[in-house]
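Trainee: sequence first, then the predicted structure:
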Amino acid sequence: MADLVRRDRDGLAAVTTAEVGIPISMAPFSVDFAADWIEESARWADRLGGEVLPSAPGDLIYTQADPLGVVGALTTWNGPIAAFAMAVAPALAAGCTVVVKPSELAPFGALRIAQLCAEAGIPPGVVSVLPGRAEAGEALVGHPGIDKVVFTGSPPTARLIAAACAQHLTPTLFELGGKSAVIVCADADLDRVVSSVLGLSFAAGQSCTLGSRLVVHRSVVGELTDRLVAAFESLRQGNPADPATMLGPVINDAACERILGLIDRARGYGRVVTGGERRGGELAEGFFIAPTLVDRIDNSSELARTEAFGPLVGLLEYGDDAEAVRIANDSEYGLAGYVFTADASRAHRLAAQFDVGSVTVNGGTVPISAQAPFGGRKSSGHGKQGGLAGVLEFTSTKSIQIVS
């Protein structure tokens, strides 16, 4: 599978660009991510050993990891190729079969990569794709033959899925929203901060791990704001199929209206420094929103507490480390966090205090590695994806005791 995904890198990237508007200059990276994820999962397929446990003399107690069975995976639209790999590959490595219900907003990437599964030699029926709208998802999660449900999406939808799964006590793995804080210390490398924030250009800010709350030390607020304005205004926005495009559209008109509503209401308690409007001219018929920075907000505001899922970032000020941590953790979400500082001790200390599943120091916009466990806390979900922990999510530990 991994080899075939790499072989068809350009074609899969083109599907991603056509479906969700990720610029064609960036879409290949999501395909590389998928191939890496598949390859990492494959490394564990023949390494899921158990352990021998202490027992009475002459007895033997050991464990083994059994596959759960049939996995129902409801994948997200904002990175359809990567989402397919993250849900399917570890389940296959654990010995499970998978039924994938892709988002109705982006079904074609899942269908194409499923064809590659067949070409790779995965037997018929081991990986199935069930396109459709909400009715298809409801049928899947409510089916008594499903042994685990994996869902990436919003907390409200996850609650509905959890209620349906409760009928059969079906276990779940949820990767949900985020409102990730970026703590920018007084000694931070601001060039790195700007580079990280510009990660919103990858999917027009439609990423659950986006650092959309900038928690900035008051001594560097002015300089960072100026740099971000210049960077945002330099982003070339347009047709995502154009290799020169740096920022594409959001997914649909409803998303445009929702994001613009957040911005308009933010004008009542903050300051829109740059952006804040839907693009006109030759982009007027598309779903294009200018990258937007709003400052002078506090952590109780709607913008600080609501996942915008668009090219929209809010900036808050802080005075000392304790205040920064308090602001960062004062959220219903707990998916990712970021720290920018030149002080290694401070970096470790702040990272340890973040109430999130993943923390990145001095870089990055997507703290997800195929080798490391990834998953959220609080309303950002539960369970882990990535590495051995991600494969073990699809197993059940059995204890076996041999009595002499």
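Mentor: Arrived safely, thanks for sending.
Trainee: pLDDT weak spots in the chain?
Mentor: 366-367 (pLDDT under 70).
Trainee: change it to 50
Mentor: The chain contains no residues with pLDDT under 50.
Trainee: A342 reaches D187, doesn't it?
Mentor: Yes - with contact defined as C-beta atoms under 8 Å, A342 and D187 form a contacting pair (4.4 Å). For the C-beta atoms, the positions are set from N, CA and C on the backbone; glycine is no exception.
Trainee: V339 against I183, yeah?
Mentor: Yes - using C-beta under 8 Å, V339 makes contact with I183 at a distance of 4.9 Å.
Trainee: overlap of the contact sets of those two?
Mentor: The contact sets of V339 and I183 overlap at L350 (C-beta atoms under 8 Å, 6 or more residues apart in numbering).
Trainee: more neighbours: those two, which one.
Mentor: The neighbour count for V339 versus I183, taken as other C-beta atoms under 10 Å, is higher for I183 (30 against 27).
Trainee: doesn't that one lie inside a helix?
Mentor: No - using DSSP: H, G, I helix; E, B strand; the rest coil, the assignment for I183 is strand, not a helix.
Trainee: ok, now how distant is it from F340?
Mentor: Separation of I183 from F340 (C-beta to C-beta, to the nearest Å): 7 Å.
Trainee: helices of the stretch 101-250 of the chain, residue ranges please.
Mentor: 108-120, 134-141, 155-166, 190-197, 221-234 (DSSP state H, counting those that start in this stretch).
Trainee: will you turn the ones you listed into CSV that also has distance to S30 and mean neighbour count?
Mentor: Output for the helices of the stretch 101-250 of the chain, formatted as CSV (distance: least, C-beta to C-beta, whole Å; neighbours: other C-beta atoms under 10 Å):
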stretch, distance to S30, mean neighbour count
helix 108-120, 9, 19
helix 134-141, 23, 16
helix 155-166, 22, 16
helix 190-197, 18, 18
helix 221-234, 22, 16
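Trainee: can I get these in JSON lines including distance to E302?
Mentor: Listed next are the helices of the stretch 101-250 of the chain as JSON lines, based on distance: least, C-beta to C-beta, whole Å:
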{"stretch": "helix 108-120", "distance to E302": "33"}
{"stretch": "helix 134-141", "distance to E302": "27"}
{"stretch": "helix 155-166", "distance to E302": "16"}
{"stretch": "helix 190-197", "distance to E302": "20"}
{"stretch": "helix 221-234", "distance to E302": "21"}
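Trainee: for G50, which of these is the nearest?
Mentor: Checking the helices of the stretch 101-250 of the chain against G50 by C-beta to C-beta gives helix 155-166 as the closest, at 27.3 Å.
Trainee: what's the closest one packed up against?
Mentor: Applying 3 or more C-beta pairs under 8 Å, 6 or more residues apart in numbering; DSSP states H and E, one finds that helix 155-166 contacts helix 134-141, strand 148-152, strand 172-175.
Trainee: which one, of these, ends up nearest to L53?
Mentor: strand 148-152 (25.5 Å).
Trainee: so what strands line up beside the closest one?
Mentor: Counting by DSSP bridges, the strands paired with strand 148-152 are strand 70-74 (parallel), strand 172-175 (parallel).
Trainee: now do the helix or strand following the longest one: distance to the chain's middle.
Mentor: Sequence-wise, the next helix or strand downstream of strand 70-74 (DSSP states H and E) is helix 80-93. Distance, stretch centre to chain centre, for helix 80-93: 13 Å (C-alpha atoms, centre = their mean, to the nearest Å).
Trainee: what does stretch 172-182 give?
Mentor: Centroid separation for stretch 172-182 versus its chain: 7 Å, with C-alpha atoms, centre = their mean.
Trainee: list the buried residues of it.
Mentor: Using 16 or more other C-beta atoms under 10 Å as the test for burial, stretch 172-182 gives 172-182.
Trainee: from those, which is closest to V15?
Mentor: Using C-beta to C-beta, the shortest approach to V15 within these belongs to E175, at 22.0 Å.
Trainee: from what I see, the closest one and V149 are in contact.
Mentor: No - taking C-beta under 8 Å as the definition, E175 is not a contact partner of V149, at 12.0 Å.
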